[in-house]
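Participant: Predicted model follows, preceded by the sequence.
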Amino acid sequence: MPANTAPFRRLTLALLAGVAIVASGMGSAYAQTPVRVIKVATAAESKPLSWGAIGHEPQGYEPDLLRAINAKLPQYRFELEGAADIAQETGLATGKYDMATGGFYTAPARSKQFLIPATPMGASLMKIYSRTDSNINTMKDLVGKKIVPVTAGGGVYKFVTQWQQENPNDAVKISASSAGIPYPDRLKEVQRGKYDALILPSNLGEQTVIDTQKLDIKASEPVSINNTYVLIHRSEENQKLSDDIDGVLKTLKADGTLDKLSQKWFGEDVVKYIK
């Protein structure tokens with residue numbers, strides 16, 4: 001090799017080595033891009049919609065759907081934690097949680113406080129539960145009947161109050177309570193005759209209780225239908241998260257995943273009621 005070409009060759013090799021090191025470093029940096037952890041609050045005591053207290057793996061329709069969403073969004077890692085209803089929205093507002101699911105409806109106040117993907121997670125079917133020998137099938141059939149007290153300010157209370165306003169000639173009387181008696185016990189009170197009917201969303205597992213405990217209770221057709229949504233802590237960073245989840249929910253509805261999970265956990269096609 002001529003003497004005057006040796007320095008040039010050494011310089012070329014050095015440059016190539018430098019490029020390789022830079023490229024290697026860039027690849028390493030890309031590979032090590034951190035996956036963003038998303039803290040998710042799920043309902044702790046709403047089987048089969050969602051259940052599983054702190055320290056237990058959440059189960060049910062919504063946890064399974066969250067895992068299906070996460071499988072299509074590998075840039076995130078969802079960490080699910082069961083929480084009481086009041087703790088979910090409080091934790092979401094303060095930023096303790098990035099997301100919350102619990103059969104949530106949309107409302108002007110919620111839309112202002114949280115980010116809400118436009119595509120629903122599912123549908124909440126409000127039904128009337130009464131004894132099989134009763135003639136109760138619609139809201140008007142509840143006129144003069146004794147209805148199980150409902151949670152003050154809750155979804156059932158709001159629904160019945162609004163229905164009454166729209167039907168002033170049909171007096172359906174309800175009382176508000178904060179006693180928090182479990183709905184399986186309420187179903188038994190209806191069977192015993194203490195009350196004539198119970199109004200509840202059907203995604204809480206009432207039919208499972210009726211079947212397993214062999215109660216002589218029937219469920220009406222839906223008297224009200226509401227879409228349910230993911231709630232997301234409002235922040236600039238979370239807007240991308242909200243958009244990503246909205247896109248995946250569209251895909252999972254189209255490919256039949258929502259329907260399969262609905263049949264698995266509720267034993268009925270809830271998805272067809274999504275508006």
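Facilitator: Yep, it's here.
Participant: C-alpha only now, for contacts and for neighbours.
Facilitator: Noted.
Participant: Next, name the residue at the spatial heart of this structure.
Facilitator: Closest to where the C-alpha atoms of the chain average out (Cα atoms, centre = their mean) is residue 101, at 3.4 Å.
Participant: residues contacting that residue?
Facilitator: By Cα atoms under 8 Å, 6 or more residues apart in numbering, residue 101 lies in contact with 40, 41, 42, 43, 62, 229, 230, 231.
Participant: secondary structure class for it?
Facilitator: strand (DSSP: H, G, I helix; E, B strand; the rest coil).
Participant: The helix or strand where residue 158 lies - what's its average pLDDT?
Facilitator: Remark: residue 158 resides in helix 155-166, with elements defined by DSSP states H and E. For helix 155-166, mean pLDDT is 90.
Participant: what helices or strands is that helix leaning on?
Facilitator: If contacts are counted by 3 or more Cα pairs under 8 Å, 6 or more residues apart in numbering; DSSP states H and E, helix 155-166 sits against strand 150-151, strand 197-201.
Participant: who does the shortest one pair up with?
Facilitator: Put plainly, it is strand 150-151. Taking DSSP bridges as the criterion, strand 150-151 sits next to strand 176-177 (parallel) in its sheet.
Participant: Show me the contact partners of the partner strand.
Facilitator: Taking Cα under 8 Å, 6+ apart as the criterion, the residues outside strand 176-177 that touch it are 149, 150, 151, 152, 157.
Participant: which residues touch the last one?
Facilitator: Translated: residue 157. Neighbouring residues of residue 157 by Cα under 8 Å, 6+ apart: 150, 151, 174, 176.
Participant: which of those residues count as buried?
Facilitator: Among the contacts of residue 157, those buried by neighbour count (16 or more other Cα atoms under 10 Å) are 150, 151, 174.
Participant: Can you report how many residues lie near residue 211?
Facilitator: As a burial measure, residue 211 scores 11 neighbours (other Cα atoms under 10 Å).
Participant: hang on, the earlier thing: any chance of the contacts of residue 101 in CSV, with neighbour count too?
Facilitator: Putting those into CSV (neighbours: other Cα atoms under 10 Å) gives the following:
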residue, neighbour count
40, 25
41, 28
42, 30
43, 28
62, 26
229, 21
230, 27
231, 29
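Participant: For the helices and strands packed on helix 155-166, which has the smallest mean pLDDT value?
Facilitator: It's strand 150-151: among those, that one has the lowest mean pLDDT, namely a mean of 83.
Participant: The helix holding residue 158 versus strand 197-201: what angle between them?
Facilitator: For the pair helix 155-166 and strand 197-201, the angle between their directions (axes from the mean of the first three to the mean of the last three Cα atoms, to 10 degrees) equals 110 degrees.
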